[in-house]
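# dropping a prediction and its sequence here:
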Amino acid sequence: MSDTFHAMWRSLRPIGRSDASGGYRRYAWTGADADCRLWFQAQAEARGLDHEIDRNGNQWAWLGDPLAGDAVVTGSHLDSVPDGGAFDGPLGVVSSFAALDELRRRGAVFTRPLAITNFGDEEGARFGLACVGSRLAAGQLTTEHAHRLRDGDGVSLPQAMEAAGYDPDAIGPDPERLARIGAFVELHVEQGRALDLSGDPVGVASAIWPHGRWRFDFRGEANHAGTTRLTDRRDPMLTYAETVLAARREAELAGGLATFGKIAVEPNGVNAIPSLVRGWLDSRAADQDTLDAVVSGVERAAREYAERAGIDLDVVRESFTPVVDFQHALRDEIRRVLEKRGADGAATVPLLGTGAGHDAGILSASVPTAMLFVRNPTGISHSPAEHATEDDCVAGVRALADVLEGLACS
């Protein structure tokens, strides 16, 4: 099992890696994305699986009849955030193929179809919306909205897909494909330190926190940085900066999370006072009331600052995902399988909530879903420092194989 996992890991790891940062730049419908897709197809074909791409660009590798229904599906995504780590997404895909290899080694007999998937554009790094592939399939992103998405260079999603050789006119809800799925199980590196603190290599997800992205547009007046008196300025950067500090304050007061991590400035000159500062707020919380309190507090503060400084402000919610409480029956079945196969039947498997969004969370409204987490000793994610040890990766593969055997095999 270890040899299989590491051979795949070595072959995938160089794709889209930046020599400058050591992180990954695997953005949707780019050359790096195409190389990842070819890698996935090669892994599927090497195992005799039927490879297909659905109308939304998601990849599937099938063992058994895809039309039989009640299939057990596993997988994750291969794209990355800007200069992201190696494990977020790819660990789940590599582990899925390795788990299938392990089940074949065990001589497992499949009684349900099995599929491994790579969902497209999960991170939303290029077009600003996370989980595009799964949202489209589940009908949570309309075709019209998808066609309006644009990257930082003004390239639309349809243009990017067409340039990559896909048909953008075909995208949209895919209920027939989702009807094939009886259960979806996603393995993911933990994005936090709960498992490190508990001493467990693997955990099971209980829920995904509600979360969303809001765009704040601060509009002032462009002017010369060297000749305009401070009292004559309508500088939106100052209002933006005050709002960033307010986000931290509101998150601390309410017990949630709030981050301004992306900014665009016009005209973006060193010697020019900006006319527009556009910042994106990412906010998450353990419950909806807390999330609402954080976001409303940030917006209220931003509007007060803007009014005082003569700045125009628009706030647009670009995406939102409500709380996902994973189906208890599937979650509890997975825990039973893992605990039964633990040392002397006495092992316990922790349940973890998470503030990170995943394709499993999107699909949960349509099919039974569950997640496994693999320990991250530093808790760092969305960074080149993201990490999981060799032993824990192998433990994750073994746990996923146990789960798939319990769900799909006699």
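Arrived safely. Numbers count the residues shown, from 1 in each chain.
# could you pull out the helices in the stretch 51-200 of the chain for me?
90-106, 132-138, 143-148, 157-163, 175-178, 194-198 (DSSP state H, counting those that start in this stretch).
# could those go into a markdown table alongside distance to Glu333, mean neighbour count and mean pLDDT?
Using the backbone N, CA and C atoms, a C-beta is placed for each residue, glycine as well. Converted to a markdown table, those look like this (distance: least, Cβ to Cβ, whole Å; neighbours: other Cβ atoms under 10 Å; pLDDT from 0 to 100):
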| stretch | distance to Glu333 | mean neighbour count | mean pLDDT |
| --- | --- | --- | --- |
| helix 90-106 | 17 | 24 | 98 |
| helix 132-138 | 23 | 27 | 97 |
| helix 143-148 | 35 | 15 | 96 |
| helix 157-163 | 37 | 18 | 97 |
| helix 175-178 | 20 | 13 | 96 |
| helix 194-198 | 21 | 16 | 94 |
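# dump those to TSV, plus distance to Ala42.
Putting the helices of the stretch 51-200 of the chain into TSV (distance: least, Cβ to Cβ, whole Å) gives the following:
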stretch	distance to Ala42
helix 90-106	11
helix 132-138	20
helix 143-148	28
helix 157-163	22
helix 175-178	23
helix 194-198	32
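# can you pull the poorly scored residue ranges out of the stretch 251-400 of the chain?
Filtered on pLDDT under 70, the stretch 251-400 of the chain yields the residue ranges 343-347.
# which residues of it fall in helices?
Along the stretch 251-400 of the chain, the segments classed as helices by DSSP H, counting those that start in this stretch run 288-309, 328-340, 359-363, 390-408.
# just name the most buried of those.
Greatest average neighbour count among the helices of the stretch 251-400 of the chain goes to helix 359-363 (a mean of 27), per mean count of other Cβ atoms under 10 Å.
# show me what that helix is packed up against.
Contact partners of helix 359-363 among helices and strands, from 3 or more Cβ pairs under 8 Å, 6 or more residues apart in numbering; DSSP states H and E: helix 132-138, strand 181-189, strand 202-208, strand 369-374.
# partners of the longest one in the sheet?
Read it as strand 181-189. The pairing partners recorded for strand 181-189 under DSSP bridges are strand 71-76 (parallel), strand 369-374 (parallel).
# how many other residues sit next to Ile116?
Per other Cβ atoms under 10 Å, the neighbour tally for Ile116 reads 27.
# need the contact list for it.
Neighbour list for Ile116: 44, 49, 60-61, 73-75, 93, 96-97, 100 [criterion: Cβ atoms under 8 Å, 6 or more residues apart in numbering].
# quick one: contacts for Asp83?
Under the contact definition (Cβ under 8 Å, 6+ apart), the residues listed for Asp83 are 18, 21-25, 383-384.
# coming back round to it: kindly reformat the contacts of Ile116 as JSON lines containing distance to Arg177.
Shown next, in JSON lines, are the contacts of Ile116 (distance: Cβ to Cβ, whole Å):
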{"residue": "Ala44", "distance to Arg177": "17"}
{"residue": "Leu49", "distance to Arg177": "16"}
{"residue": "Trp60", "distance to Arg177": "8"}
{"residue": "Ala61", "distance to Arg177": "14"}
{"residue": "Val73", "distance to Arg177": "10"}
{"residue": "Thr74", "distance to Arg177": "16"}
{"residue": "Gly75", "distance to Arg177": "14"}
{"residue": "Val93", "distance to Arg177": "18"}
{"residue": "Ser96", "distance to Arg177": "18"}
{"residue": "Phe97", "distance to Arg177": "21"}
{"residue": "Leu100", "distance to Arg177": "20"}
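# and of those, the nearest to Val367?
Sorting the contacts of Ile116 by distance to Val367 puts Val73 at the head of the list, at 8.2 Å, by Cβ to Cβ.
# the closest one: what's it in contact with?
114-117, 181, 183-185.
# which one among those residues gets closest to Arg234?
Distances from Arg234 to the contacts of Val73, taken as Cβ to Cβ, are shortest for Thr117 (49.7 Å).
# count the neighbours of that closest one for me.
Using other Cβ under 10 Å, Thr117 has 27 other residues around it.
# could you chop this structure up by domain?
As given by automatic domain parsing, the domain ranges for the chain are 2-209+323-408, 211-321.
# most tightly packed of those?
When the domains of the chain are scored by mean count of other Cβ under 10 Å, the highest mean neighbour count falls to domain 2-209+323-408 (a mean of 19).
# my read: Gly226 touches Val270, true?
No: with contact taken as Cβ atoms under 8 Å, Gly226 and Val270 are classed as non-touching, separated by 10.5 Å.
# which residue packs closest to Ala108, ignoring adjacent ones?
Counting by Cβ to Cβ, 6 or more residues apart in numbering, Ala108 lies nearest to Cys409, which is 4.3 Å off, once chain neighbours are set aside.
# and if you look at Leu129?
Nearest in space to Leu129, with sequence neighbours left out and distances taken as Cβ to Cβ, 6+ apart, is Ser319 at 5.2 Å.
# residues in a beta bridge with that neighbour, which ones?
Residues in beta-bridge contact with Ser319 (DSSP bridges): Arg213.
# contacting residues for it?
Taking Cβ under 8 Å, 6+ apart as the contact definition, Ser319 lies against 124, 129-130, 212-213.
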